[in-house]
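Participant: any chance you can model this:
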Amino acid sequence: MSDLVPYKAPPLPVKGGRLGFLSLAGKMATLAAAALALKEGLWVLKRRMEEDADDADELAEMCVEAEVEPRFTALINDAGTALRDVAKAAAAVAGAADEMETNARGFVDAHQSEYRGVYEVVRASGVQQAKAGFYRKD
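Facilitator: As a prediction, this is how the structure comes out:
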């Protein structure tokens, strides 16, 4: 289990007091695309940090062979450890971004299958529809 804390996003700003079918689908598609870009960037960061950590280990080994003062070699080892920690954290956040992308795409697909037909009928009718929630029976 990761140390990531779920974030409760503020409500979407609604233009004109309504969040329409296309607007909601577009916002969720944008979220999915942003999550994908974030995930890809984090995997690049992870690889870079791992490569830099390997370079730090190699440098530390050369310093030991060259009999560099141990406190400096220890600092290089600490830097390598910190770089590996960043790589591990990047992978954890990339996993969360992957889940976000999957959920957003799933939402868009479910939204399309559930409401596309209704949207098309309403558009074709040319009749002003009641505000969302008007027909709700609580």
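
Participant: can you tell me the helix or strand for the residue positioned nearest the centre of the chain?
Facilitator: In the chain, the centroid-proximal residue (Cα atoms, centre = their mean) is Ala97; its distance is 2.7 Å. Here Ala97 sits within helix 70-125, counting by DSSP states H and E.

Participant: same check on Glu61?
Facilitator: Using DSSP H and E, the element containing Glu61 is helix 21-65.

Participant: so where is this structure shaky, pLDDT-wise?
Facilitator: When residues are selected by pLDDT under 70, those of the chain lie in 1-4, 6-18, 132-133, 138.

Participant: go again with 80.
Facilitator: Along the chain, segments meeting pLDDT under 80 span 1-20, 128-138.

Participant: nearest residue to Leu22 in space, please, no chain neighbours.
Facilitator: Tyr119 (7.7 Å; Cβ to Cβ, 6 or more residues apart in numbering). No exception for glycine: its C-beta is placed from N, CA and C like everyone else's.
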